[in-house]
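A.B. asks: Kindly return the folded structure for what I paste below:
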Amino acid sequence: MSQLKGADELRARLKAIQGVFRQTAPRWQRATVAEARRRVPVATGATRASLRAGPATSMKASVVGKYTVNFIDAGSVAHNEPRSRRRKGRKVLKFNVGGQTIFRRKVHKRAIAARPFKEASAEAGMRKVDLLRVLIDLWNKAA
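C.D. replies: Take a look at the predicted model:
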């Protein structure tokens, strides 16, 4: 019975490349946040400021922001918004327009066109990390 030549070196290399994601995830997150902040449409700047690196594990990493980021990226359809406050047992919407108080039972929200930026930002972040170069370096250093 013969032994596989180079088995120990192969095991060492395979073990080394298991950590490639752990090393590259924080860099990917930083690069993606920078790209997303550059690409997101800005009205007040609050959405841009909310973008940040989210939790990361050894298997996945994320970039998070305000809930409205999803509506900017994917858009929305026109809809009536019945969200309201209770006022003496009745549901009423109350808001001020031009110094005048207006009460409504519902408000029609117009459709919002999609302005996708999330996927392009993630891909640009991945290109900046150069995952393949990191993988090759880990493979070469292990043996």
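
A.B. asks: where in the protein is pLDDT low?
C.D. replies: Applying pLDDT under 70 to the chain flags the ranges 1-2, 82-92.

A.B. asks: And the helices in it?
C.D. replies: Counting by DSSP state H, the chain has helices at residues 7-17, 20-39, 46-50, 68-74, 118-129, 131-142.

A.B. asks: nearest residue to the residue nearest the centre of the chain other than its sequence neighbours?
C.D. replies: Residue closest to the average C-alpha location in the chain (Cα atoms, centre = their mean): V63, at 3.7 Å. Of all residues not flanking V63 in the chain, T32 sits nearest, at 5.0 Å (Cβ to Cβ, 6 or more residues apart in numbering). C-beta here means a position set from N, CA and C on the backbone, and glycine is covered the same way.

A.B. asks: can you redo the helices of the chain as CSV with mean neighbour count and distance to Q100?
C.D. replies: Shown next, in CSV, are the helices of the chain (neighbours: other Cβ atoms under 10 Å; distance: least, Cβ to Cβ, whole Å):
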stretch, mean neighbour count, distance to Q100
helix 7-17, 13, 65
helix 20-39, 18, 37
helix 46-50, 15, 26
helix 68-74, 16, 27
helix 118-129, 16, 38
helix 131-142, 14, 57
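
A.B. asks: The ones you listed: which one's closest to G98?
C.D. replies: helix 46-50 (23.4 Å; Cβ to Cβ).

A.B. asks: Can you give the contact residues for the closest one?
C.D. replies: Here helix 46-50 makes contact (Cβ atoms under 8 Å, 6 or more residues apart in numbering) with R37, V40, V42, G65, K66, T68, V69, I72.
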